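Engineer: Generate a structure from the sequence data that follows.
(one chain, ligands or ions: 1)
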Amino acid sequence: MRYPLFVTDGHPGGRKPRTPTRRSFLRGSAAAFFVTVAGGVLAACGGGVARREVPLGSFGGKIPVEKDQIPAPGGEPVLIPGGRFWLLNLKPGEGDIKKVGGAGGLIALYTKCPHAGCQVPWQAEFDGANVNQPGIIGWFRCPCHLSTFSRAGILVSGPSSRPMSTMPITVLQDGSLHVDTSKITAGLAENPKRTVPYAG
Ligand code: FES
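Structural biologist: Residues are numbered from 1 along each chain as shown. The predicted structure follows:
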């Protein structure tokens, strides 16, 4: 069987019928078959490459936090190393340096400094008077270039361009938590409004 194709071959007037050889016809058929099969496989996978599920407890997925790890309201921040976040239970207004109206509750702050990625430690003894915030003791203070953040991750000093990033928290029925490290959100002055109420 022959299938006429129309190609531009430079002849005056343009197009001249051409018939494929048996070899080119077979090559074309094989390519069409491959495209059809590949399309079917992709469709079976939901139209794309399947995403790998991150196991519970691994960074990049949900990190469980037991009830007894959760600080009391106003208590010292707790580091959850596997999740790379600080967990705080803020009193109303605590760490709300810009006065956006923080109602208090749980907040998870990513330990990675927004400036250049160093790990930001909690400095319980650091006096806010050193960064024009007298009367407040205890700050997150990056050792690399000294960006300083409140308990709500609000930037008050240093070269960072923004507050500390946050992660969503889900409170489970038994009072434990899941913190979703796959959804890290860049910090903003509104950080104190990202808290989750916690009744224990
Ligand atoms: S990396 Fe933290 S202030 Fe530069």
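Engineer: Could you find the closest non-adjacent residue to G61?
Structural biologist: Spatially, and ignoring its direct neighbours in sequence, G61 is nearest to V54 (3.2 Å; Cβ to Cβ, 6 or more residues apart in numbering). No exception for glycine: its C-beta is placed from N, CA and C like everyone else's.
Engineer: how much space between the one you found and S161?
Structural biologist: 29 Å (Cβ to Cβ, to the nearest Å).
Engineer: swap in S147?
Structural biologist: For S147, the distance to S161 (Cβ to Cβ) stands at 9 Å.
Engineer: Quickly list what's touching both of these two.
Structural biologist: By the contact definition Cβ atoms under 8 Å, 6 or more residues apart in numbering, S147 and S161 are jointly contacted by P114, H115.
Engineer: Between the two, which is the more surrounded one?
Structural biologist: Neighbours were counted for S147 and for S161 using other Cβ atoms under 10 Å; S147 has more, 26 against 11.
Engineer: Tell me who's in contact with that one.
Structural biologist: Here S147 is in contact with C113, P114, H115, V120, R141, L155, S157, G158, P159, S160 (Cβ under 8 Å, 6+ apart).
Engineer: can you rerun that using 10 Å?
Structural biologist: Listed by Cβ atoms under 10 Å, 6 or more residues apart in numbering, the contact set of S147 reads 113-116, 118, 120, 131, 140-141, 155-164.
Engineer: out of those residues, which are buried?
Structural biologist: Taking 16 or more other Cβ atoms under 10 Å as the criterion, what is buried in these is 113-115, 120, 131, 140-141, 155-158, 160, 162-164.
Engineer: Of those, which ones also sit close to the ligand?
Structural biologist: Counting by Cβ under 6 Å from any ligand atom, C113, H115, G158, S160 from these sit close to the ligand.
Engineer: G61 against M167, yeah?
Structural biologist: No: applying Cβ atoms under 10 Å, one finds G61 not in contact with M167, separated by 11.4 Å.
Engineer: what do those two both touch?
Structural biologist: With Cβ under 10 Å, 6+ apart, G61 and M167 have common neighbours G83, V179, D180, T181, S182.
Engineer: Specify the local secondary structure of N130.
Structural biologist: Here N130 is helix, with the state taken from DSSP: H, G, I helix; E, B strand; the rest coil.
Engineer: what's the neighbour count on it?
Structural biologist: With other Cβ under 10 Å as criterion, N130 counts 13.
Engineer: D96: neighbouring residues, count only.
Structural biologist: When neighbours are counted by other Cβ under 10 Å, D96 comes out with 24.
Engineer: Neighbour count for G61 and M167, which is higher?
Structural biologist: More crowded of G61 and M167, by other Cβ under 10 Å: M167, with 22 against 16.
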